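J.: The sequence and its predicted three-dimensional model are supplied below.
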Amino acid sequence: MKEINRSIKAVQIITASCLLFLIGVIGHVEKAQAQSPRYGGILRWNVSEPYSLGYPATMTGQTDGQTSSVCLETLFRFGLKGEIVPLLATGYKADAIAKTITISLRKGVKFHDGSDFNAEVCKWNLDEFKKGKRPELKKVTSIDIIDDYTVRLNLSTFDNTIINSIANASDAGRMISKKAFEANGKEWCEQNPVGTGPFQFVERKKDVSIKWKRFDGYWDGKPYLDGIYNVRIQDPTVSMMAFKSGDVDILIPRSARDAKALENEGKYTTVIRPMGQVPALAGYANDPNSPFAKLKVRQALAYAIDTNRLAKAFGYGYWKVHNQWAVPGTWGYNHDIKGYPYNPEKAKQLLAEAGYPNGFKTTLHFYNFGQEYVDEMTAIQGFLKAVGIDGTLNGLQRPGFAEMASLGKGWEGVLRLQGYSSPDPLVKYAGIAGRQEFVGIYLSSEFVSLFNRATMAPDFETKQRLVHQLMKQSVDDCMAAHLYVKMAPIIKTKKLHDDLFGEVLYSYLSPKAWLEE
Amino acid sequence: MLSFISRRIIHTIAVLFIVSFFSFLLLHIMPGDPAAAMLGIEAKKEEVEAMRKELGLDRPFLIQYGHWFANVLRGDLGKSLMYREPVANLFYARLPVTLYLSLLAFVISGILGISAGIFCAIKRGGFFDQIISISANIGIAIPMFWLGIIGIYLFGLKTGWLPIYGWTSPFDDFILSSKQALMPVLLLAVPGISILARQSRSSMLEVVRQDYIRTARSKGLSERIVLLRHALKNALIPIVTLMGLHIRIMVGGSVLVETVFSIPGMGFLLVGSAINKDFLVVQGGVLLIGSIVCVTNLLVDISYGWLDPRLRYE
């Protein structure tokens, strides 16, 4: 009897073990399946309203290019470390002596309308962009077709930043179908993008949505996703609720506080964009009677602000304090620069030496993009007042800010500069050095000379050395009081995989992105 | 009556001309350059100047206004700087959305507000009168924006009963459209219901105390006839005035509601255009809304004659 019982127990143990093993195997298989790419699904996210979607020369701001980038590809794109990666090109060769850039193009690429991508189409695209009088390709005098898949850009002066412009730092390298343009014209193309990307345009309802569907003939293999659905939600609170309810899969939070709150919930994937906004304060220095024409006043402005406290209070751990235009971690960053660490006593002393022992009154202009900006500037106003710079806040809407930044109109005090960092700091500097952007900023001849030499550098080592010198010059001149890099987090559903969205510059979405069921 | 209407139409044209001139002037005085706004905050000086020239913004103010006005007389409202399409096309697509929401809200607020007011007047001092009066006060005081966010949180995020945002035409998908329109319409209607309920209550209370109502009752007329035929018609004059005013409030309110719920109506368009100094859209919008308000006022004035023959114009 005992033996029978023992046998039964043994059978029970073996059966239980087998069951446990089977459960484990099935679970493992299911998990493995869940982590394998699958076809299907629509990826949804909120975008601002783009104006021109499909004609690069009239694309403005960042929204247009970022929204259409799933459809219109560029010759190059940026990699995870900000390096240039070929996309519709396969490589390039820059010759500083001959003042040329030769680009080899990818073969076997078709546009969504079935036409071929080749050297003729590439040249036509670059010529169309030049016709739009955009400054990015100003130094390109002509474009030659070397063979069916090679073009050569002839330059008036060698400029090593052009390659950034034809990567997706601007829209210069975005390729559209020549056939579609010839058949339908510019205005049609602006609203109906025809590119080579993994997704093709379906429909746009202005201020409502944009639909894209998978392009089965994509040169890098059939994309996994069925399509993309961009929605337009104006209010940031509603946008966050739409994300939490699952109506959208990706959220670019308006404030660091919102991002932190979502990250703390632990239910989503958070990625930090490699580059961010680089705000800085610059006094109007074009007028010799302006206090900011004096170096000591500009230095006092920089010493007066405790950027560490501001970053801690408003950045929720996402903002990085820095002291130069280049972003920490990039090749242009000069580690030897000490900058102007917070020192209110030094600031007061410098003001007194500059002839302002009792300080002075001024205006603090800034782009009012929401309450976070007002709070940040109110804190800065307090720091400046403590040393004697009594600033009145002037929050501007987009037209007012753009006018002040581009044309200098109304900029009589301090302007909070803003704009996005670039892997190549020379791209950021181009507008400033050419007096085309932030036109009231202090600009020395030494700085302009160094900038010109750096853009003409024939190799990377020389360029890097000159850029480091340029960073030092800008800090010695105290062109602006640098605050921090506002690294912008992106929150995504955990169901999204291999997308690279937000990990690579300028909202690139990998064609290999896929969604769990 | 015909001469009255003709005079009012001439007044309307003069009002629209003055309003359009001053709104054009205000937009030009406001800080900011439309070309710079269009090109974005990282635009270069050269690009902005080229764009200003292309758009004709480098010409003197009066010439720009004169050019715009001459085009309007020819039926051309111009082309939007930001949307890059004719302003008339933008209005054609968006006006029906705003009208659909506003008219639904108008009808709901009219029916519920006036009925509640009459009910309160009949049951004066009772439990329901007190409840409705308190609710009406809350409805007037509560900010619409806040109510919208709370509605989205409760009915969209927490319960999932209604969509959080968006717009679908009722001709495309009636069920989805109704679900999407429910919260915005109710939100637009809440202040109207509250104001009309209060006004109807006080008007009715004033009228029911009049001698002719007592006479009507003494004649043996039923209470329903006394209230609906004799009291209500006389109480309607201030209510109709208020409803006329309320159309303007609803057009204004649609700006908030359309922004919160991401509805592509006139409000959404005009706010974005004003922020970006897309002045041709704003000008066209001012002209259109001005016309709607003037026509509404005219209809209200005409309705007075029907409601009270003593007010009929010779």
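T.: Yep, that arrived.

J.: Which residue is it, in chain B, that comes closest to chain A?
T.: Closest residue of chain B to chain A, CB to the nearest CB: B:Gly32 (2.6 Å). Placement of C-beta: from N, CA and C, glycine included.

J.: Tell me how far that residue lies from B:Ser20.
T.: According to CB to CB, to the nearest Å, B:Gly32 stands 20 Å off from B:Ser20.

J.: more crowded one of the two?
T.: Taking other CB atoms under 10 Å in any protein chain shown, B:Gly32 and B:Ser20 do not tie; B:Gly32 has more neighbours (22 against 19).

J.: Nearest residue to that one in space, please, no chain neighbours.
T.: A:Pro399 (2.6 Å; CB to CB, 6 or more residues apart in numbering or on different chains).

J.: Low-confidence regions, the stretch 201-314 of chain B specifically.
T.: Applying pLDDT under 70 to the stretch 201-314 of chain B flags the ranges B:309-314.

J.: Alongside chain A, which residues does it contribute?
T.: Residues of the stretch 201-314 of chain B lying close to chain A by CB under 8 Å from any CB of the partner chain are B:Thr259, B:Val260, B:Phe261, B:Ser262, B:Pro264, B:Phe268, B:Leu269, B:Gly272, B:Ile275, B:Asn276, B:Lys277.

J.: follow-up on the earlier one: the residue of chain B closest to chain A belongs to a strand?
T.: No. Assigned with DSSP: H, G, I helix; E, B strand; the rest coil, B:Gly32 falls outside any strand and is coil.

J.: Give the full set of residues in contact with it.
T.: B:Gly32 makes contact with A:Leu396, A:Gln397, A:Arg398, A:Pro399, A:Gly400, A:Phe401, A:Ala402, A:Glu403, B:Lys277, according to CB atoms under 8 Å, 6 or more residues apart in numbering or on different chains.

J.: Find me the pLDDT at the fourth one, would you?
T.: pLDDT, A:Pro399: 82.

J.: follow-up on the earlier one: buried members of the residues of the stretch 201-314 of chain B next to chain A into ChimeraX, please.
T.: Selecting only the buried entries of those in ChimeraX, with 16 or more other CB atoms under 10 Å in any protein chain shown as the criterion:
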select /B:259,260,261,262,264,268,269,272,276,277
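
J.: okay, among the residues of the stretch 201-314 of chain B next to chain A, which ones form the most distant pair?
T.: Across those, the longest distance by CB to CB is 25.0 Å; it joins B:Phe261 and B:Lys277.

J.: what are the phi and psi angles of the residue nearest the centre of chain B?
T.: Centre of chain B computed as the mean C-alpha position; nearest residue by CA atoms, centre = their mean is B:Val251, 2.2 Å away. Backbone torsions for B:Val251, taken as degrees, to the nearest 10, come to phi -60, psi -40.

J.: these two touch, right, it and B:Leu99?
T.: No. In terms of CB atoms under 8 Å, B:Val251 does not count as a neighbour of B:Leu99; the distance is 9.5 Å.

J.: Break down the stretch 401-517 of chain A into its strands, ranges please.
T.: Counting by DSSP state E, counting those that start in this stretch, the stretch 401-517 of chain A has strands at residues A:414-417, A:481-482, A:484-493, A:496-497, A:514-515.

J.: and the residue of the stretch 101-250 of chain A nearest chain B?
T.: Nearest to chain B in the stretch 101-250 of chain A, going by CB to the nearest CB, is A:Asp207, at a distance of 3.9 Å.

J.: Pass me the low-pLDDT residue ranges in the stretch 101-250 of chain A, would you?
T.: A:168-169.

J.: Show me what from the stretch 1-150 of chain B comes close to chain A.
T.: So far as CB under 8 Å from any CB goes, the stretch 1-150 of chain B lies against chain A at B:30-34, B:36-50, B:82-84, B:90, B:93, B:149.

J.: Can you name the residues in contact with the helix or strand hosting the residue nearest to B:Gly32?
T.: Using DSSP states H and E, A:Pro399 sits in helix A:398-407. If you take CB under 8 Å, 6+ apart as the criterion, helix A:398-407 is touched by A:365-367, A:396, A:409-411, A:415, A:417, A:436-439, B:30-34, B:36-37, B:39-45, B:47-49, B:275-277.

J.: so A:Phe383 touches A:Ala304, yeah?
T.: Yes. If you go by CB under 8 Å, A:Phe383 and A:Ala304 touch, sitting 5.4 Å apart.

J.: Any chance you could list residues touching both of those two?
T.: Common contacts of A:Phe383 and A:Ala304, defined by CB under 8 Å, 6+ apart, comprise A:Pro344.

J.: Give me the more crowded residue out of these two.
T.: Ranked by neighbour count (other CB under 10 Å), A:Phe383 and A:Ala304 place A:Ala304 first, with 26 against 21.

J.: Could you measure from A:His322 over to chain B?
T.: 19 Å (CB to the nearest CB, to the nearest Å).

J.: Please list all residues in contact with that residue.
T.: Contacts for A:His322 were tallied using CB under 8 Å, 6+ apart; they are A:Val278, A:Pro328, A:His482, A:Tyr484, A:Val485.

J.: how does it look with 7 Å?
T.: Taking CB atoms under 7 Å, 6 or more residues apart in numbering or on different chains as the contact definition, A:His322 lies against A:Pro328, A:His482, A:Tyr484, A:Val485.

J.: Out of these, who's the most crowded?
T.: A:His482 leads the contacts of A:His322 on contacts (other CB under 10 Å) with 26 neighbours.

J.: For the residue nearest to that one when sequence neighbours are not counted, grab phi and psi.
T.: Residue nearest to A:His482 in three dimensions, not counting chain neighbours: A:Ala280, with 4.8 Å by CB to CB, 6+ apart. For A:Ala280, the backbone dihedrals (degrees, to the nearest 10) come out as phi -150, psi 160.

J.: Is A:Ala280 bridged to anything, and to what?
T.: Taking DSSP bridges as the rule, A:Ala280 bridges to A:Leu417, A:His482.

J.: Give me the pLDDT for it.
T.: Per-residue pLDDT puts A:Ala280 at 95.

J.: what separates it from chain B, distance-wise?
T.: A:Ala280 is 14 Å from chain B, by CB to the nearest CB.

J.: got it, and A:Ala285?
T.: In this view, A:Ala285 and chain B are 16 Å apart by CB to the nearest CB.
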